[in-house]
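Novice: please work out how this folds:
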Amino acid sequence: MPDIFGVIADATRRDILQVLLERHGAGSEISVSEIVNQLEISQPTVSKHLKVLRDAELVTVREEGQHRFYSLDPEPLEMIEDFVIPFLSVGFDTEVTVEYLNGDGETVTGPDGLHDDAIISEEAAGAAERIGRAAAAAEHRVKELVARFKLHS
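Specialist: Numbering: from 1, shown residues only. Sure, this is the predicted structure:
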């Protein structure tokens, strides 16, 4: 398999990956001619870069007669994510500490020391869980955008 960093180092291939990512999010594939139209580059150029992406297993192709339909396979990009995330995480404090308080506002060692009336309702717990998931997703998205920004710099 080619060096994934070398494959994505090319700006045209990154543009093609971006087009494929948009389609991937919609759960569909795209033809070579649609990529040519979107990026306004020649068909031979697109085909050449798609071959490199295919060899790197970043895209899959489905043939239908003379037409080829491409879709993104993001799995190989996880190697890049695994490599880059530790660098992006430097300086981010992601450690979470939990402190339990009883009804009087005093710190206790754990949830066993709480009175039943001090535990939050299921509705509030559900809301807290949704907020936590949204925060985690936002943190992941920010790290992803920082990685993209650094790749384009």
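Novice: how far away is Met79 from Ser28?
Specialist: According to Cβ to Cβ, to the nearest Å, Met79 and Ser28 sit 25 Å apart. (Glycine included, C-beta is placed from N, CA and C.)
Novice: same thing with Ala138?
Specialist: 26 Å.
Novice: and for Ala128?
Specialist: From Ala128 to Ser28 the distance is 36 Å (Cβ to Cβ).
Novice: give me the element the residue in the chain sticking out farthest from the centre is part of.
Specialist: If you look at how far each residue of the chain sits from its centre, by Cα atoms, centre = their mean, the farthest one is Asp104, at 43.1 Å. Under the criterion DSSP states H and E, no helix or strand holds Asp104.
Novice: in three-state terms, how would Val98 be classified?
Specialist: coil (DSSP: H, G, I helix; E, B strand; the rest coil).
Novice: what about it, how many neighbours?
Specialist: Neighbourhood size, Val98 [other Cβ atoms under 10 Å]: 6.
Novice: state the distance from it to Ala134.
Specialist: Using Cβ to Cβ, one gets 19 Å for the distance from Val98 to Ala134.
Novice: next: Gln43.
Specialist: Distance from Gln43 to Ala134, by Cβ to Cβ: 42 Å.
Novice: what of Val52?
Specialist: In terms of Cβ to Cβ, Val52 sits 37 Å off from Ala134.
Novice: between these two, who's got more neighbours?
Specialist: Val52 (18 against 10).
Novice: give me the three-state assignment for the closest residue to the more buried one other than its chain neighbours.
Specialist: Spatially, and ignoring its direct neighbours in sequence, Val52 is nearest to Val7 (6.0 Å; Cβ to Cβ, 6 or more residues apart in numbering). Following three-state DSSP, Val7 is assigned to helix.
Novice: go on, Ser28?
Specialist: For Ser28, the assignment made with three-state DSSP gives coil.
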